[in-house]
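Trainee: turn this into a structure:
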Amino acid sequence: MLNRRTFCQVAALSAGALGLASTGIAKATTLINYGKVGQALTEVASLDWLCNAVALTSKGQLFVGLPRWPGYEKTPSIAQVLPDGSLKPFPGGDWNQWAPGQPTDKALVKINTLHIFDDDTLWAIDQGEDAGPKGINPGQKILQFDTHTGKLLRSISLPADVLPAGANLNDLRLDSEHAYLTDSGLGAIIVVNLKTGVSIRRLADHPSTKMIPERRPIGEDGHVLLNADGKDHQVHSDPIEISPDGQWLYYQALSGPLWRVPTKGLRDRQLSEEALGKQVQFVYDTSPLTGTCIDSAGNLYFGEYDKPRVTVLSPDGTLRVVVEDQRLWNPDAMIISKQHELYIPVPQSARMASNRGPGGVNAIQPPFKIYKLQLPKYLGTLEKVPAVAGKAL
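Mentor: Okay, the predicted model is just below:
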């Protein structure tokens, strides 16, 4: 673990190298200290399919994201976990039965993330059929479903100037009028006006949305996330969060560090990319992160890639370990329930053969678990997300 002095040096070097605003650095470096809070894990579900995302309705119905990653191509993509632990494909029918060569417009091709916000509808990012680093993925889209009926409420496909060849939608957050998304294929932030349907691509040429080659994505036992050709797997802008007041958007490449930018600036189509880039602030010199979430008090939760734990960065700069357990290698997209519980899916993504370089050997230990833990009272609760404006389909 970094001590205060080491962290200050790393933070200053990172900011200086990129020439970015230092407001966020000052907060983190002057107030940071370390503590540890051990919390007990409770198993929520045990699945045969790899699960990297979870979502809860207001009544406690649990939905899971089951991506079609190598070795798991026959998954239903999204499912509801029933009380007996079995899975019910959602929304059902042809949506969950896609196979290569089939139409992609009314099918779940490769779901990467899902969320349920205050209105109980389910949002999902479909990365579509892999067209390679220089292609446009067929079927890449943003989906919204009614969780009670399974009815499709909204399907958003983005134009080529917003989602060009090589782009790969990764994660999504909402305010009352906009969807904010990360592109982890090329590196960018995408904003969609849900009233007008107009979308814009921002910070596509800014260093904060790019993975820094020197910051390698090192995971369990020192294994680096590697492609089949032996090169580091480049995951650009990846996890994303919005502050409780809606003023700031937090984001980072998989290997860090963490940045923030005003949401107002992102939405302002009259603001040049150069001017927007000057509003970007360094926040924290994070380790590689697989998943994040944020609570009503602005505490940021980090699912760490290189350690089996979840840490919490508070607005005052305090960093704590909220849970550390050998069962938590590569915790991914977390959520907080109304009961003040943190849900943690563990997809073991770093153990996949496809992420372990030439001749990579599968090290996954099935089944795939979802855990939860009761959060300490001093941390916040579920962040409020107003019902989304805009017409449904």
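Trainee: need phi/psi at the most centrally placed residue in the chain.
Mentor: The centroid of the chain falls nearest to residue 239 when counting by C-alpha atoms, centre = their mean (3.6 Å). Dihedral angles phi and psi of residue 239 (degrees, to the nearest 10) take the values phi -70, psi 150.
Trainee: with residue 45 instead?
Mentor: Per degrees, to the nearest 10, the backbone of residue 45 is at phi -150, psi 150.
Trainee: now residue 195: which helix or strand?
Mentor: Assigned by DSSP states H and E, residue 195 falls within no helix or strand.
Trainee: how close does it sit to residue 121?
Mentor: 16 Å (C-beta to C-beta, to the nearest Å). Using the backbone N, CA and C atoms, a C-beta is placed for each residue, glycine as well.
Trainee: where in the protein is pLDDT low?
Mentor: For the chain, the stretches with pLDDT under 70 are 1-39, 389-393.
Trainee: picking up where we left off before, for the nearest residue to the residue nearest to the centre of the chain once chain neighbours are set aside, what are its contacts?
Mentor: Excluding the flanking residues, the one nearest residue 239 by C-beta to C-beta, 6 or more residues apart in numbering is residue 292, at 4.1 Å. Applying C-beta atoms under 8 Å, 6 or more residues apart in numbering to residue 292 gives the contacts 239, 240, 241, 250, 300, 301, 302, 303, 333, 334.
Trainee: residues of stretch 185-199 that come out buried?
Mentor: 185, 186, 187, 188, 189, 190, 191, 192, 193, 194, 199 (16 or more other C-beta atoms under 10 Å).
Trainee: and what of stretch 223-235?
Mentor: Across stretch 223-235, burial judged by 16+ other C-beta under 10 Å covers 223, 224, 225, 226, 232, 233, 234, 235.
Trainee: looking at those, which two lie furthest apart in space?
Mentor: 223 and 234 (16.3 Å; C-beta to C-beta).
Trainee: give me the element residue 200 is part of.
Mentor: Residue 200 belongs to strand 199-202 when elements are defined using DSSP H and E.
Trainee: who are the packing partners of that strand?
Mentor: When contacts are defined as 3 or more C-beta pairs under 8 Å, 6 or more residues apart in numbering; DSSP states H and E, strand 199-202 sits against strand 188-193, helix 263-267.
Trainee: dump the buried residues of stretch 185-199 to JSON lines, plus distance to residue 106.
Mentor: Formatted as JSON lines, the buried residues of stretch 185-199 follow (distance: C-beta to C-beta, whole Å):
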{"residue": "185", "distance to residue 106": "24"}
{"residue": "186", "distance to residue 106": "27"}
{"residue": "187", "distance to residue 106": "30"}
{"residue": "188", "distance to residue 106": "27"}
{"residue": "189", "distance to residue 106": "28"}
{"residue": "190", "distance to residue 106": "23"}
{"residue": "191", "distance to residue 106": "26"}
{"residue": "192", "distance to residue 106": "20"}
{"residue": "193", "distance to residue 106": "24"}
{"residue": "194", "distance to residue 106": "21"}
{"residue": "199", "distance to residue 106": "21"}
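Trainee: much appreciated, bye for now.
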